[in-house]
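Q: Sequence and predicted structure are below.
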Amino acid sequence: MWNGWPIHRILFLLTGIIFLAISLQVYLFHSRQNFRHWAMYSPVLAGPLLGVLSILVAFYNLSWLRTILALLFVVGTLQGVYGSVLHIAGIGQRVGGYQSQNVLIGPPVTLPALITGMSLLGLIALYWR
């Protein structure tokens, strides 16, 4: 099945699977916090959409689908950057501020960065030739 698949198709498939897994984790973390901030909804809604569209592009290379996916990858990149800012600020708002204990139990700093990285990987897969 993988014989003859170009690398960008494999990247779309893996990006889609990873986005679906990340989305589940983000949903669990944000549910635990009762979606206290409006921005908590955006990765929960956009993540599965990015995952499904990435998988679809791996199998159906349609230009309109690629255009929508490119726009969503840009949105995902911006979401990840904004999420990183919010998560870092959230750690600082805990009692004691930026102590190592608050970094361990507070909002995960690396999860929004992972969304940014996966979105950038998707953009690379779309435009690298």
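A: On my side now, so go ahead.
Q: in this protein, which residue is closest to the centre?
A: Centroid check for the chain by Cα atoms, centre = their mean gives residue 115 as the closest residue, at 2.8 Å.
Q: Any chance you could list what contacts the helix or strand encompassing that residue?
A: When secondary structure is defined by DSSP states H and E, residue 115 falls within helix 110-127. Contact with helix 110-127 is made by 7-8, 11-12, 15, 18-19, 22, 25-26, 29, 43, 47, 50, 54, 66, 69-70, 73-77, 79-84, 86-87, as judged by Cβ atoms under 8 Å, 6 or more residues apart in numbering. Using the backbone N, CA and C atoms, a C-beta is placed for each residue, glycine as well.
Q: per-residue confidence averaged over that helix?
A: For helix 110-127, mean pLDDT rounds to 95.
Q: Can you name every helix or strand that the worst-scoring helix or strand of the chain on mean pLDDT contacts?
A: One helix or strand of the chain scores below all others by mean pLDDT, DSSP states H and E: helix 100-105, with a mean of 91. In terms of contacts (3 or more Cβ pairs under 8 Å, 6 or more residues apart in numbering; DSSP states H and E), helix 100-105 is not packed against any helix or strand.
Q: And stretch 6-13, what's buried?
A: 8, 9, 11, 12, 13 (16 or more other Cβ atoms under 10 Å).
Q: for the first one, helix, strand, or coil?
A: What that stands for is residue 8. Under DSSP: H, G, I helix; E, B strand; the rest coil, residue 8 falls in the helix class.
Q: That one and residue 40, how far apart?
A: From residue 8 across to residue 40, the span is 32 Å (Cβ to Cβ, to the nearest Å).
Q: contacting residues for the residue nearest to residue 9 when sequence neighbours are not counted?
A: In space, residue 9 comes closest to residue 58 once its chain neighbours are excluded; the distance is 5.0 Å by Cβ to Cβ, 6 or more residues apart in numbering. Taking Cβ under 8 Å, 6+ apart, we find residue 58 in contact with 9, 10, 12, 13, 16.
Q: pLDDT averaged over stretch 46-63 - what is it?
A: Taken as a whole, stretch 46-63 has a mean pLDDT of 95.
Q: Give me the buried stretch members for it, please.
A: 46, 47, 48, 49, 50, 51, 53, 54, 55, 56, 57, 58.
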